[in-house]
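Student: Following is a predicted model, sequence given first.
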Amino acid sequence: MNRASFFHLFDPLTYIYIYIFLIITTIHLQITALSNLPMEIGCVVSAVVLAIIDEIFFHKARIMHVSAFLKALMLALLAIILPLLSSIANNDYLGVIMEGEYRSYCKIILLSPLIIYYIKTTQRHEQLIKVVLFSFTVLGVIFLYRYKILHEVREYDLRPLLRIKNGDPNFLSMYFTLCIPLAGFEYRNAKKLAMRLVYVVILLLFFVCTVMNQSRMGIIALFITSAIMMIFLKWRLRLQNILLGFVVICMTLIFSSGGEILTRFNHMADTSNLDRLKTLKAGVKTFIEYPFAGVGWNNSSAHYYTFSQYPPFQSEAAPYEVHNTFLKIASELGILGFFLYTTFLGIIVIAILETWKEDRERAVVNSAMLACLFVNALTISAAYKDIYILLMILIFALNGPKKTIGILDNKTLSVLAT
């Protein structure tokens, strides 16, 4: 099968790429004519069916990799089953199945082994990067349109709050920040001046969108990500980063509201942050009381007011969830869910370390992206978000054409199996 072009009708990755574009931009949910079409599930089913046909009839010689794929699939199935077990343990009678977020979670989890399996050659790595950058560029344009033209903001502080799926400013800031190292990587590898200019524009868009969301942790992650890129890359590349960074940052400060961000940093001890600290305490206490099965999918907010001793009326007006990805998983899915999540993070770290020996530049980019995810995970609850899971899979899949499968097949998962 010819895989030279981006889109081939019978190529499983074609439908994976379309699915990635849909869940990042959610453009099919914003257009009335498309909102009722099962586009996401159609892409998932098409990718799975074509992958099976592709392996049986066209690539029998790749049977050596089936073992690694099955191990990844077992981890994916475990990640899907855990919320169901927690639901049963909490007498919810599998009510989690009715939640849209859980169904989105299942779709990206099921596609994860296929993404890891197929992104094995440099050519496919580059395709995946371009699809992701294009999708987030479209999301950036949608963000600017909805924020600046439609004025979709929060009433009490006028921060952006898009009326779309994943429209929270803290999540948007994390997504745009994470794409900055990826766009920088493509800028440095672009051979034509025209393409370099395109990536400069994309970088500027991501910087502007990050700053405009006015997320304090997003800005901190932006500086950490930039620092990793500048410190660990070679001097020649570092010089390019510094020069490009100054240009982008200066233009960002001109076009964005830097004053409002400084004001937010001057009020770090505001009521919002104090309430977030209380959610952390509530998450720890919830985990202590329900250590094995947790309290169930998205049920931690129901326990927040029990531990924070707020008046009952506030629990109905604004139920707070645990504002920490690790604690949220531990309190809602128990110790097994926490172990599964941290294990996958460990696998990603091992993959990056393996890639560091062969391709330092790619490893630095992946490290910067992972640092962005980790820093933001400390103050937001992103564990179930389909884009967040996709970005974790993306970081893992971009760690060299051989290491992606090799890590799964020979080292990490063999250790987990014992």
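Tutor: Happy to help now that I have it.
Student: How far does the helix or strand where Thr355 lies sit from its chain's centre?
Tutor: If you go by DSSP states H and E, Thr355 is part of helix 325-358. Here helix 325-358 is found 13 Å from its chain centre; the criterion is Cα atoms, centre = their mean, to the nearest Å.
Student: for that helix, packing partners?
Tutor: Secondary-structure packing of helix 325-358 (3 or more Cβ pairs under 8 Å, 6 or more residues apart in numbering; DSSP states H and E): helix 66-89, helix 271-289, helix 360-377, helix 386-397, helix 403-406, helix 412-417. C-beta coordinates here come from the backbone N, C-alpha and C atoms, glycine included.
Student: wait, what's in contact with Arg362?
Tutor: Counting by Cβ atoms under 8 Å, 6 or more residues apart in numbering, Arg362 touches 185, 355, 398-400.
Student: List just the nearest of these to Met392.
Tutor: Comparing the contacts of Arg362 against Met392 with Cβ to Cβ places Leu398 closest, at 11.2 Å.
Student: Lowest-confidence member of the contacts of Arg362, which is it?
Tutor: Minimum pLDDT for those is recorded at Gly400 (56).
Student: tell me the most buried of the helices and strands packed on helix 325-358?
Tutor: Comparing these by mean neighbour count (mean count of other Cβ atoms under 10 Å), helix 386-397 comes out on top with a mean of 24.
Student: returning to that earlier point: wait, which of the contacts of Arg362 is closest to Thr14?
Tutor: Distances from Thr14 to the contacts of Arg362, taken by Cβ to Cβ, are shortest for Leu398, at 19.2 Å.
Student: Could you measure from the closest one over to Pro113?
Tutor: Distance of Leu398 to Pro113, computed by Cβ to Cβ, to the nearest Å: 16 Å.
Student: follow-up on the earlier one: give the buried residues for the helix holding Thr355.
Tutor: Neighbour counts over helix 325-358 (16 or more other Cβ atoms under 10 Å) mark 325-334, 336-338, 340-341, 344-345, 347-352, 354-356 as buried.
Student: Can you give the domain ranges for the chain?
Tutor: Using automatic domain parsing, the domains assigned to the chain come out as 122-268, 270-418.
Student: burial measure for Val200, as a count.
Tutor: Other residues near Val200 come to 18 when the count uses other Cβ atoms under 10 Å.
Student: surely Ala363 meets Leu370?
Tutor: No - assessed by Cβ atoms under 8 Å, Ala363 is found out of contact with Leu370, at 10.3 Å.
Student: Any stretches of the stretch 201-350 of the chain with poor pLDDT?
Tutor: 235-244, 246-248, 250-275, 304-320 (pLDDT under 70).
Student: What are the phi and psi values at Pro160?
Tutor: Main-chain dihedrals, Pro160, degrees, to the nearest 10: phi -60, psi 140.
Student: Can you get me a residue count around it?
Tutor: 23.
Student: tell me the contacts of it?
Tutor: Pro160 touches 143, 146-147, 152-154, 167, 169, 172, 212-214, counting by Cβ under 8 Å, 6+ apart.
Student: Tell me the bridge partners for it.
Tutor: Val153 (DSSP bridges).
Student: The chain should start at 239 in everything you say after this.
Tutor: In the new numbering, first residue 239, that becomes Pro398.
Student: Give me the pLDDT for it.
Tutor: 87.
Student: With adjacent residues omitted, what lies nearest to Phe423?
Tutor: Take Phe423 and drop its neighbours on the chain: the residue closest to it by Cβ to Cβ, 6 or more residues apart in numbering is Val603, 4.6 Å away.
Student: was I right about that neighbour contacting Met467?
Tutor: Yes - between Val603 and Met467 there is a contact under Cβ under 8 Å: 7.4 Å.
Student: Work out for me the element the spatially closest residue to Ala285 that is not a sequence neighbour sits within.
Tutor: Take Ala285 and drop its neighbours on the chain: the residue closest to it by Cβ to Cβ, 6+ apart is Tyr253, 4.2 Å away. Here Tyr253 sits within helix 250-263, counting by DSSP H and E.
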